[in-house]
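Undergrad: Return atomic coordinates for the entry below.
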Amino acid sequence: MLNISNISITENINTDNFSAFQTVRQFHFSRILAYWLIGGMILLIAVLFVPWTQNVQGKGKVTTLKPEQRPQTINSTIAGRVEKWYVQEGQFVKKGDTIVHLSETKADYFDPFLIENADLQVKAKSAAVESYDQKIVASDNQILALREVLELKTKQLNNKIKQSQLKVISDSLNLEAAKTDFNIATAQFGRYVNLFNQDLISQTDLEKRKQKLQETKSKGINAENKLLVSYNDMLNAQIELKSAQSDYANKIAKSQSDRFSALSSSLDAQASTSKLESQFNSYEVRSQFYYILAPQDCYIVKAAVSGIGETVKEGEKIVNIMPADYQLAVEMYVNPMDFPLIEKGQSVNFIFDGWPAFAFSGWSEYSIGTFSGEIVAIDNVISNNDKYRILVIPTDPEKQWPSALRVGSGAHGMALLNDVPLWYELWRQLNGFPPNFYEDNKADKVKLKAPIKSVK
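TA: Here you go, the predicted structure:
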């Protein structure tokens, strides 16, 4: 019992059948603890070499991939008064369905026949434009006719001038002949006077020769008179030509002035017509804004105004809608320190609010309840919360994101990086080093050449 004797009875008696022996048996706790510590150290060392997936974590929320698929607000284009609602909150409406009817509140548009009257004004101005155009055509025809008449008149007077010139030449020749006859008659009369003085001829012959001399002188005077009359007719024809040209030039100038006046009035009328047409089109377009239509298939989320008779201003919010057809995405925000590690096509695991999950950031393949995605967009400008935004869409067709997931739900994402040993990750975290995302690319060495000197 006291182990005084060297002879042991345990070889002859089975001590396990006696509770007294179990009570007084000595246990070696130090040896067992040593075994446990050694085993734990071995296990810990083994765990340190287990692969660990580095990751970048960030929080975000569920959104849609395309901007037109996100919740939006329908605003009133014009100021108006609510007359009737055609929908209720939570209702599904198709594209083009009427949501609400507004009536006019501005006095400038109270006329019930505003569009018809504007149309009549446009037609009246268009008719004025046509009248001015016709006046321009008439002025062009008048100018053409005056130019034709001027051309004919010029030809006629030029012919008259030529006739006068020829008459002047003819009378000049007659005057020269008359002068010659007068000189001959004078010479003959002188000879007859000499003969009469010599008593060779009679007084009667001398008087006949004198009479002949007077007749010749009279013919010369008549020829000179005719020459002066012909020269005067030529001058009158030239003056008439100048007068006709000046007269028709004034008439053509007046017609051109009338044409330019009509053209100016036509342009003014066209400008007024364009202005009235623009105003008419504005009235027609404005009339379409009295009924606010659904821009796409959507659900009515919340009405910003309520009741009948409430007025809204231009650009004021009317109702919030959510598009019915959309593709979910997650906008996640990462710290600027982790931003260089993010790239398009990178895998991301998500935990959505409301869906229980057991996530292991380093061993994503053993996570339960997480959903996978892929980065499709990265902002190049920092957001208002001093973080960078990235967009992630689902990529695993076998494990779709929850169908009950709604825009605006919270999400916690983990962008997966390289696989490293656990001891390296612990060492990196303790030292504050960035994840090991660098790739060992051996770039081709480029030999630098000396620059070629320019030849002067």
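
Undergrad: When you work out contacts or count neighbours from here on, use the C-alpha atoms and nothing else.
TA: Will do.

Undergrad: Tell me both backbone torsions, phi and psi, for residue 406.
TA: In terms of degrees, to the nearest 10, the main-chain angles of residue 406 are phi -120, psi 160.

Undergrad: Now the residue lying closest to it once chain neighbours are set aside. Its backbone dihedrals?
TA: Leaving aside its chain neighbours, residue 406 sits nearest to residue 62 (7.0 Å; criterion: Cα to Cα, 6 or more residues apart in numbering). Here is the backbone geometry of residue 62 (degrees, to the nearest 10): phi -80, psi 140.

Undergrad: and residue 62, what is it in contact with?
TA: 328-331, 406-411 (Cα atoms under 8 Å, 6 or more residues apart in numbering).

Undergrad: now the strands for the stretch 351-456 of the chain?
TA: 371-378, 388-394, 410-421 (DSSP state E, counting those that start in this stretch).

Undergrad: Looking at those, which is nearest to residue 32?
TA: strand 410-421 (30.9 Å; Cα to Cα).

Undergrad: mean confidence for the closest one?
TA: The average pLDDT for strand 410-421 rounds to 74.

Undergrad: same thing with stretch 117-130?
TA: 88.

Undergrad: Report the buried residues of it.
TA: 118-119, 121-122, 125-126, 128-129 (16 or more other Cα atoms under 10 Å).

Undergrad: Repeat that for stretch 264-274.
TA: 265-266, 269-270, 272-273.

Undergrad: circling back: adding mean neighbour count and distance to residue 220, write the strands of the stretch 351-456 of the chain out as CSV.
TA: What follows is the strands of the stretch 351-456 of the chain, written out as CSV (neighbours: other Cα atoms under 10 Å; distance: least, Cα to Cα, whole Å):
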stretch, mean neighbour count, distance to residue 220
strand 371-378, 20, 118
strand 388-394, 23, 122
strand 410-421, 20, 131
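
Undergrad: As CSV, those with distance to residue 401 would be great.
TA: Output for the strands of the stretch 351-456 of the chain, formatted as CSV (distance: least, Cα to Cα, whole Å):
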stretch, distance to residue 401
strand 371-378, 7
strand 388-394, 7
strand 410-421, 12
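
Undergrad: quick one, which of those strands is nearest to residue 225?
TA: Per Cα to Cα, nearest to residue 225 of those: strand 371-378, 112.0 Å.

Undergrad: now the angle from that closest one to strand 388-394?
TA: Orientation of strand 371-378 against strand 388-394 (axes from the mean of the first three to the mean of the last three Cα atoms, to 10 degrees) gives an angle of 130 degrees.

Undergrad: about what we covered before: return the member of the buried residues of stretch 117-130 nearest to residue 253.
TA: residue 129 (23.2 Å).

Undergrad: who's in contact with that closest one?
TA: 266-267, 269-270.

Undergrad: How about residue 328?
TA: Residues in contact with residue 328 (Cα under 8 Å, 6+ apart) are 62-65, 393-394, 407.

Undergrad: now swap in residue 64 and tell me
TA: Contacts of residue 64 (Cα under 8 Å, 6+ apart): 70, 326-330, 407.

Undergrad: May I have the beta-bridge partners of it?
TA: residue 328 (DSSP bridges).

Undergrad: Please report how far the residue nearest to residue 406 lies from residue 196.
TA: Between residue 62 and residue 196 the computed distance is 152 Å (Cα to Cα, to the nearest Å).

Undergrad: Same question for residue 124.
TA: On the measure of Cα to Cα, residue 124 and residue 196 end up 104 Å apart.

Undergrad: Likewise for residue 185?
TA: Residue 185 is 16 Å from residue 196, by Cα to Cα.

Undergrad: Same question for residue 272.
TA: 104 Å.

Undergrad: From the contacts of residue 62, list just the buried residues.
TA: For the contacts of residue 62, buried by 16+ other Cα under 10 Å: 328-331, 407, 410-411.

Undergrad: Do a quick rundown of the strands in this structure.
TA: 51-64, 72-75, 80-85, 92-93, 98-104, 291-293, 298-303, 311-312, 317-323, 328-334, 347-352, 371-378, 388-394, 410-421 (DSSP state E).

Undergrad: Spell out which strands sit alongside the third one in the sheet and which way each one runs.
TA: Taking DSSP bridges as the criterion, strand 80-85 forms sheet pairs with strand 98-104 (antiparallel), strand 311-312 (antiparallel).

Undergrad: Over to the second one?
TA: Using DSSP bridges, strand 72-75 pairs in its sheet with strand 317-323 (antiparallel).

Undergrad: quick one, the partner strand and strand 298-303 angle?
TA: Using the same axes, to 10 degrees: strand 317-323 against strand 298-303 is 140 degrees.
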